[in-house]
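Trainee: missing the sequence, but the structure's below:
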């Protein structure tokens, strides 16, 4: 290492120039690091995912909206119909309880596929052009200068100092077209990987709730059988009547969407900051109008004791895999999937743009009264169903790819008896069932279990 004597006359002249050189070197090092980090920072707030990564773009009343999907595995067959089916379930104008905006939402796939519709492993860009935007609904009245209560108008203006007035710009639910398009590709990957299904439904509208949906068997056809998208036909009629009542009064209403992911393998998600339910929560709470998230029993679980809430383990008599007798954890324990159905709930607030007069302020700080105009959903729930499915599917594909990269790069070469018995509904294990039953009074089986191994543990947790 070179040592410089600052007392030397020559060095005293040289030191200022050396300082400049070091500063420039540090600057270029910083610039290089910043450049390397730039892809991870691209589109601040507009990108989601780590390996399977999407960036959405476009405004509600602009030329169009779309998505760039990077990290998609190659050699996946993707058709126009695969994507358009999910977009049709999201699009406006489906029924009297959705916005009457008339958009076909026809997708254009711009890149990432070969002529045989096989993914290339390169970025997939998809575009949906806006056809029926009516900007005058926003620009030719007081909505041009007045903030809609509980909408993103005021906060967008506070952040950027400028906003897209017509249609709400990026805060419009029209932004979710890109998510749903990319989610359709994620859905295809999940199906090919482990026959994973992601299905959501409207489980609650205001105080009208269904508890009669079998999460193991309900289908997309069951969900789409009515305009509310609730597979319980009796409750669906009650929900529809409530939405109609609210719609006719110029008001809006909220509720809950429940989502189930079946055949998810055990092991997805990571401890601490990247827990699977934390990633799912971020994904779902990023959807417009989403205000609450629950995993498994969620808040209802707080009313139970540990004994009542815990999902006891057993050995599946058919597969020999480790399973849980109940699923109050919603398929996730310690932030990692356990192979049971993943079950989440997402709460959506009432649509903020309504046809009734409300007090608000203008951009220059004057108190006024505003009555919303334009075309808006009286209840976002039916169209939120494919949005929730898309975000869950995107999260799961990203988690699968992260798992493959970290934990499945090398095959576990430990002797079979030293490896954990496989977990979950789709796993094949080597466990021996029949030692313990659900009947706590079955002393014979409990005695057999006690003789076969430890039945108590001393645990010192912080």
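Mentor: Nice, I can see it. For clarity, every value in this text was computed on a predicted model and none was experimentally measured.

Trainee: Provide the strand pairings for the helix or strand containing residue 257, with the direction of each partner.
Mentor: In this structure, residue 257 sits in strand 255-262 according to DSSP states H and E. Its sheet considered, strand 255-262 pairs with strand 197-205 (antiparallel), strand 342-348 (antiparallel) by DSSP bridges.

Trainee: Figure out which of these is closest to residue 241.
Mentor: Of all these, the one in closest proximity to residue 241, counting by Cβ to Cβ, is strand 197-205 (9.7 Å). No exception for glycine: its C-beta is placed from N, CA and C like everyone else's.

Trainee: average model confidence for the closest one?
Mentor: Model confidence over strand 197-205 averages 98 on the pLDDT scale.

Trainee: Stretch 273-280 too?
Mentor: 97.

Trainee: What are the buried residues along it?
Mentor: By neighbour count on 16 or more other Cβ atoms under 10 Å, the buried set for stretch 273-280 is 275-280.

Trainee: out of those residues, which one sits closest to residue 306?
Mentor: Closest approach between those and residue 306, by Cβ to Cβ: residue 277, at 18.8 Å.

Trainee: just checking, the closest one is part of a helix?
Mentor: Yes: Residue 277: assigned to a helix according to DSSP: H, G, I helix; E, B strand; the rest coil.

Trainee: Would you check how far apart the closest residue to it other than its chain neighbours and residue 240 are?
Mentor: Of all residues beyond its chain neighbours, the one nearest residue 277 is residue 295 (4.1 Å), with distances taken as Cβ to Cβ, 6 or more residues apart in numbering. When Cβ to Cβ, to the nearest Å is the yardstick, residue 295 and residue 240 sit 28 Å from each other.

Trainee: circling back to that earlier point, and the strands paired with strand 255-262 as a markdown table, adding distance to residue 318?
Mentor: Putting these into a markdown table (distance: least, Cβ to Cβ, whole Å) gives the following:
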| stretch | distance to residue 318 |
| --- | --- |
| strand 197-205 | 20 |
| strand 342-348 | 22 |
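
Trainee: can these go into TSV with extra columns for mean neighbour count and distance to residue 427?
Mentor: Listed next are the strands paired with strand 255-262 as TSV, based on neighbours: other Cβ atoms under 10 Å; distance: least, Cβ to Cβ, whole Å:
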stretch	mean neighbour count	distance to residue 427
strand 197-205	24	17
strand 342-348	25	15
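
Trainee: Residue 330 is nearest to which of the ones you listed?
Mentor: Comparing these against residue 330 with Cβ to Cβ, the closest turns out to be strand 342-348 (4.2 Å).

Trainee: Can you name the element that comes right after that closest one?
Mentor: Sequence-wise, the next helix or strand downstream of strand 342-348 (DSSP H and E) is strand 357-361.

Trainee: Pairing partners for that following strand, with directions?
Mentor: Sheet pairing here is set by DSSP bridges, and for strand 357-361 it gives strand 367-371 (antiparallel).

Trainee: Does anything pack onto the strand or helix carrying residue 382? Which helices or strands?
Mentor: Secondary structure from DSSP H and E places residue 382 in helix 381-406. For helix 381-406, the contact count by 3 or more Cβ pairs under 8 Å, 6 or more residues apart in numbering; DSSP states H and E identifies helix 80-90, helix 176-194, strand 197-205, strand 255-262, helix 276-285, strand 342-348 as packing neighbours.

Trainee: returning to what we had before: return the member of the buried residues of stretch 273-280 nearest to residue 301.
Mentor: Checking those against residue 301 by Cβ to Cβ gives residue 277 as the nearest, at 12.7 Å.

Trainee: The closest one: what's it in contact with?
Mentor: Counting by Cβ atoms under 8 Å, 6 or more residues apart in numbering, residue 277 makes contact with 269, 295, 330, 332, 335, 344.

Trainee: So which of those are in strands?
Mentor: Under the assignment DSSP state E, the contacts of residue 277 contribute 295, 332, 344 to strands.

Trainee: Just the closest of those to residue 191, please.
Mentor: Proximity to residue 191 was ranked across these by Cβ to Cβ; first place goes to residue 344, at 19.5 Å.

Trainee: Hmm, residue 292 and the closest one touching each other?
Mentor: No: no contact is recorded between residue 344 and residue 292 when judged using Cβ atoms under 8 Å, the distance being 10.8 Å.

Trainee: follow-up on the earlier one: for the buried residues of stretch 273-280, give me TSV that also has distance to residue 204.
Mentor: Putting these into TSV (distance: Cβ to Cβ, whole Å) gives the following:
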residue	distance to residue 204
275	25
276	24
277	20
278	23
279	24
280	19
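
Trainee: What distance do you get for the closest residue to residue 356 other than its chain neighbours to residue 335?
Mentor: Of all residues beyond its chain neighbours, the one nearest residue 356 is residue 250 (4.8 Å), with distances taken as Cβ to Cβ, 6+ apart. Residue 250 sits at a distance of 44 Å from residue 335 (criterion: Cβ to Cβ).

Trainee: Any stretches of the stretch 301-450 of the chain with poor pLDDT?
Mentor: 373-376, 435-450 (pLDDT under 70).

Trainee: any idea how far residue 177 is from residue 386?
Mentor: Going from residue 177 to residue 386 by Cβ to Cβ gives 10 Å.

Trainee: and for these two, which residues touch both?
Mentor: When contacts are counted by Cβ under 8 Å, 6+ apart, residue 177 and residue 386 are jointly contacted by residue 90.

Trainee: And stretch 175-192, what's buried?
Mentor: Across stretch 175-192, burial judged by 16+ other Cβ under 10 Å covers 175-190.

Trainee: circling back: pull the contacting residues for the residue nearest to residue 277.
Mentor: With contacts defined as Cβ under 8 Å, 6+ apart, residue 295 is in contact with 277, 280-281, 329-330, 332, 343-344.

Trainee: and which of these is nearest to residue 206?
Mentor: Each of those was scored against residue 206 by Cβ to Cβ, and residue 344 proved nearest at 20.1 Å.

Trainee: That closest one and residue 288: what is the separation?
Mentor: Taking Cβ to Cβ as the measure, residue 344 falls 18 Å from residue 288.

Trainee: Residue 146 and residue 368 touch, don't they?
Mentor: Yes: using Cβ under 8 Å, residue 146 and residue 368 qualify as a contacting pair, with a distance of 5.5 Å.

Trainee: Between the two, which has more neighbouring residues?
Mentor: More crowded of residue 146 and residue 368, by other Cβ atoms under 10 Å: residue 146, with 21 against 13.

Trainee: Can you report phi and psi for the more buried one?
Mentor: Dihedral pair for residue 146: phi -100, psi 140, per degrees, to the nearest 10.

Trainee: thinking again about what came up before, and of the contacts of residue 277, the nearest to residue 122?
Mentor: Top of the list for closeness to residue 122, among these and by Cβ to Cβ, is residue 269 at 27.9 Å.

Trainee: ok, that closest one - how many residues close by?
Mentor: Per other Cβ under 10 Å, the neighbour tally for residue 269 reads 23.

Trainee: which residues touch it?
Mentor: Residues in contact with residue 269, defined by Cβ under 8 Å, 6+ apart, are 275-277, 279, 332, 335-337, 399.

Trainee: Rebuild those as a markdown table, extending it with distance to residue 151.
Mentor: Formatted as a markdown table, the entries for the contacts of residue 269 read as follows, by distance: Cβ to Cβ, whole Å:
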| residue | distance to residue 151 |
| --- | --- |
| 275 | 31 |
| 276 | 32 |
| 277 | 29 |
| 279 | 27 |
| 332 | 33 |
| 335 | 34 |
| 336 | 38 |
| 337 | 36 |
| 399 | 33 |
